[in-house]
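S.K.: predicted model, plus sequence, below.
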Amino acid sequence: MSDDADVLVVGAGLAGLRAAQVLDAAGQRVIIVDGADRVGGRLSSRRVEGFVLDRGFQLINPAYPELAATGVMSDFDLRSFSSVVRFSDGTSSYELGDPRVDPRRLITSLRHPDLSVSDALKIGLTLAVLRYSSAAQIVRGGDISTRDALRRRGVSSRAIDGVLAPFLRGTLLDDELATSWHYSALVLKSFTRGRPGTHPAGIVALPEALATSLAHASVRLGERVLNVGATGVETDQGRYDARAVIVATDATSAHRLTGVRDPGWRAQSTWWWSLPEQHDTVQLRIDTRRKFLSSALDVSSVARERAPRGCSLIGACANGEFDVTCDEGVREDVARLYGVTTSDVRLIERDTVTHALPVVRPPLNLHQSQVHDDVIVAGDYLQTPSIQGALVSGRRAARIALARLNRSVG
């Protein structure tokens, strides 16, 4: 089998789909090849017992500029959660929220025992500066760990450990805040500009929307890629020839195919629980007692379609890999956070993702080469481990391919 295309894209995740979208809009003949039976890469959803479960804990932030640039969000049914975060031990609760949305949140936030007025002002100033700074301004200068950067800004250890670390650990998958501050700052900027949400069909709705936006590109699923070169791809079903090849897989697969560096991974475990239908549970919840879970969220509070009638779907996650021995402890934590008995908390599924996010140690480098031995590469590991990072990398890969095609024509 021999198929000719202008560009072959290996991988139908966000980076590959964005690259194909840009190339497709430029009138290029594009073939996407992926070994899975669906588009989405690491983003997938499935239906279990009437619940819609994501692979891992996944939210979509509409504030990402590259996500808006795809054009798919105009009719995307994103259901946003509250901008309030509830810290609770099951007896006492403290809610932190954006005072710009509700000025009363300034007072309720200061009730948190680990947040002094001085710390609140320093954190507020940091967030204000990040909100109105460009990405280029944020990553300018030397980079250090997130914990060290917060200390340099005068935030106390009590506020870091009691407020910021619990909030950030679920996003960074990093309990120690050793992650690049430049990356964390970009994440915080996105939180100041948008409210993350979910889709009734789960996270897979996003890559499916991108795939639907392709006017002419051909997506070929169920073909495992064996080898790649600058002008061709060999799969378990034959060979494709093209004028340019983009490898838009995860970092480990890209390392196997091209030799590009694999930065390593952070793992996450997510427990999906069924509870009797809850009300007023649109806030992210953080456990201040046992501190095992990074967060818990009632995803059905904004997307009723994700749970059967009379039930709520709670996603509770922790950083790392955990097995059945932790299930009962997590059940007790969820029951305490939502004020129900443990008999009301039924485990639907435990999901451990060993390759959840690429590791981002300082210094963050947003200008890594996306060409390796004449093969163009794309993926969030080359930017930031996020929807934004994957999409930006895909767009840049497409532009490299377009420049290469234009040179060959000239």
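M.R.: Nice, thanks for sending it over.
S.K.: per-domain residue ranges of the chain.
M.R.: With domains defined by automatic domain parsing, the chain comprises 2-43+204-263+365-409, 45-79+265-358, 114-193.
S.K.: Gly40 is in what secondary structure piece?
M.R.: Using DSSP states H and E, no element contains Gly40; it sits outside every helix and strand.
S.K.: picking up where we left off before, just the domains of the chain: most buried one?
M.R.: Most buried of these, by mean neighbour count (mean count of other CB atoms under 10 Å): domain 2-43+204-263+365-409, with a mean of 20. C-betas here are computed from N, CA, C, even on glycine.
S.K.: what's the spacing between it and its chain's center?
M.R.: In terms of CA atoms, centre = their mean, to the nearest Å, the centre of domain 2-43+204-263+365-409 is set 19 Å apart from its chain centre.
S.K.: ditto for stretch 311-331
M.R.: When distances are taken as CA atoms, centre = their mean, stretch 311-331 is centred 19 Å away from the chain's centroid.
S.K.: compute the first-to-last residue distance for that stretch.
M.R.: Distance across stretch 311-331, first residue to last, is 16 Å (CA to CA, to the nearest Å).
S.K.: and what of stretch 318-326?
M.R.: Stretch 318-326 stretches 11 Å from its first residue to its last (CA to CA).
S.K.: next: stretch 251-268.
M.R.: By CA to CA, the extent of stretch 251-268 from end to end equals 17 Å.
S.K.: likewise for stretch 352-365?
M.R.: 28 Å.
S.K.: how far away is Thr171 from Thr270?
M.R.: Distance of Thr171 to Thr270, computed by CB to CB, to the nearest Å: 14 Å.
S.K.: just to revisit the earlier point, dump the domains of the chain into JSON lines; add mean pLDDT and distance to Ser92 as well.
M.R.: JSON lines is the format used below for the domains of the chain (pLDDT from 0 to 100; distance: least, CB to CB, whole Å):
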{"stretch": "domain 2-43+204-263+365-409", "mean pLDDT": "96", "distance to Ser92": "33"}
{"stretch": "domain 45-79+265-358", "mean pLDDT": "97", "distance to Ser92": "8"}
{"stretch": "domain 114-193", "mean pLDDT": "96", "distance to Ser92": "12"}
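S.K.: I'd like those as a markdown table, with distance to Gly97 appended.
M.R.: What follows is the domains of the chain, written out as a markdown table (distance: least, CB to CB, whole Å):
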| stretch | distance to Gly97 |
| --- | --- |
| domain 2-43+204-263+365-409 | 23 |
| domain 45-79+265-358 | 9 |
| domain 114-193 | 12 |
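S.K.: Leu96: which of these is closest?
M.R.: Leu96 lies closest to domain 114-193 among the domains of the chain, at 7.1 Å (CB to CB).
S.K.: I figured Ala185 hits Leu130, correct?
M.R.: Yes. With contact defined as CB atoms under 8 Å, Ala185 reaches Leu130; the gap is 5.5 Å.
S.K.: what does the longest helix seen in the chain rub up against?
M.R.: Scanning the chain for the longest helix, with DSSP state H as the assignment, gives helix 387-409. Residues outside helix 387-409 that contact it (CB atoms under 8 Å, 6 or more residues apart in numbering): 6-7, 13-23, 26, 28, 60-61, 64-67, 69-70, 186, 190, 206, 243-244, 246, 248, 370-371, 376-380, 382-383.
S.K.: just stretch 168-187 next, same as before
M.R.: Residues from elsewhere that reach stretch 168-187, judged by CB under 8 Å, 6+ apart: 57, 130, 135, 138-139, 143-150, 160, 164-165, 266-268, 284, 294-295, 317, 319, 356-357, 360-364, 384-386, 388.
S.K.: pull that stretch out as PDB, backbone CA atoms only.
M.R.: Output of stretch 168-187 as PDB, limited to C-alpha atoms (Å, rounded to 0.1, in the frame of the first residue of the first chain):
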ATOM      1  CA  LEU A 168      -1.700  23.700  42.700                       C
ATOM      2  CA  ARG A 169      -0.700  20.000  43.300                       C
ATOM      3  CA  GLY A 170      -3.700  18.700  41.400                       C
ATOM      4  CA  THR A 171      -2.900  20.800  38.400                       C
ATOM      5  CA  LEU A 172       0.900  20.300  38.400                       C
ATOM      6  CA  LEU A 173       0.700  16.700  39.800                       C
ATOM      7  CA  ASP A 174       3.600  17.800  42.000                       C
ATOM      8  CA  ASP A 175       3.300  17.600  45.800                       C
ATOM      9  CA  GLU A 176       6.600  19.400  46.400                       C
ATOM     10  CA  LEU A 177       6.100  22.400  44.000                       C
ATOM     11  CA  ALA A 178       9.500  21.600  42.300                       C
ATOM     12  CA  THR A 179       7.900  22.400  39.000                       C
ATOM     13  CA  SER A 180       9.100  25.300  36.900                       C
ATOM     14  CA  TRP A 181       7.800  28.600  38.200                       C
ATOM     15  CA  HIS A 182       7.400  29.900  34.700                       C
ATOM     16  CA  TYR A 183       5.100  27.100  33.900                       C
ATOM     17  CA  SER A 184       3.100  27.500  37.200                       C
ATOM     18  CA  ALA A 185       2.800  31.200  36.500                       C
ATOM     19  CA  LEU A 186       1.300  30.500  33.100                       C
ATOM     20  CA  VAL A 187      -1.100  28.100  34.700                       C
END
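S.K.: thank you, goodbye.
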